[in-house]
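1. give the three-dimensional model of this entry:
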Amino acid sequence: MANSIKYLIVSIITFIVGYIYLRLAYTNTSENPFGQEIVLIVLGTVVTIAITAALLNKQSEIEIEKEQRVKVFDMKSGLYFDLINFIEELIRKEKIDSKDLITLEFLTHKISIIANPEVLHEYANLIQVIKKTSADTKISDLESDALSGHLAKLCGKIRYDLLPREDQDLESTLSVIESNIQKI
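-> Alright, predicted model coming up:
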């Protein structure tokens with residue numbers, strides 16, 4: 001951004017100095033209409049080049065920002081799906097061992113880097129359920145349901161972290177997600 005401002009300042013100064021020079025050339029050629037037309041053509045060309053350069057510079061900034069958003073989206077979605085797959089694996093094998101807790105610890109570190117505050121808050125609730133569940137290393141049916149329910153709430157928050165805001169509010173979406181999980 002600082003380079004963009006420097007470029008803009010240099011361009012404005014160059015444009016002003018060039019305009020003054022061409023204006024002087026225009027007034028000095030007042031007796032020669034052909035000379036004035038040449039000066040006007042040069043002035044028009046300079047203005048066209050300046051505007052084109054500014055537009056291309058802005059377009060480049062927008063493209064870079066877009067690429068960054070796409071990379072962040074890919075990172076977030078990949079990490080969130082890894083978390084969902086990890087929870088699925090825990091529930092399927094019906095136990096939590098020390099290796100699973102280490103994996104969860106590193107997933108937590110990764111999520112803390114990219115998730116928004118709403119996701120982090122709901123993720124903390126899921127971690128509490130996992131911690132309670134890991135006390136006896138076995139995952140009972142009730143604990144599995146609790147994990148699935150908290151994961152459903154987390155998925156609702158993740159949805160709003162990944163997707164653009166929709167007209168529907170977060171609470172109605174969360175209630176639909178939770179009711180879908182309870183129907184299973």
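2. for the rest of this, base every contact and every neighbour count on C-alpha atoms.
-> Noted.
3. what's Ile64 sitting at in phi/psi?
-> phi -60, psi -40 (degrees, to the nearest 10).
4. now swap in the one 4 residues further on and tell me
-> With angles defined as degrees, to the nearest 10, Gln68 shows backbone torsions of phi -70, psi -40.
5. and it, how many residues sit next to it?
-> Look at Gln68: counted by other CA atoms under 10 Å, it has 12 neighbours.
6. okay, now the domains of this protein?
-> Listed by automatic domain parsing, the domain ranges of the chain are 2-65, 69-183.
7. quick check: Ala50 touching Ser11?
-> Yes - contact status for Ala50 versus Ser11: in contact at 7.4 Å, counting by CA atoms under 8 Å.
8. tell me, what's touching those two both at once?
-> Counting by CA atoms under 8 Å, 6 or more residues apart in numbering, Ala50 and Ser11 have no common neighbour.
9. low-confidence stretches in the chain?
-> By pLDDT under 70, the low-scoring segments of the chain are 1-2, 165-184.
10. and the residue positioned nearest the centre of it, what element?
-> The centroid of the chain falls nearest to Arg69 when counting by CA atoms, centre = their mean (3.8 Å). Taking DSSP states H and E as the criterion, Arg69 maps to helix 33-93.
11. which helices and strands sit right next to that helix?
-> Packing partners of helix 33-93 (3 or more CA pairs under 8 Å, 6 or more residues apart in numbering; DSSP states H and E): helix 2-28, helix 98-114, helix 141-162.
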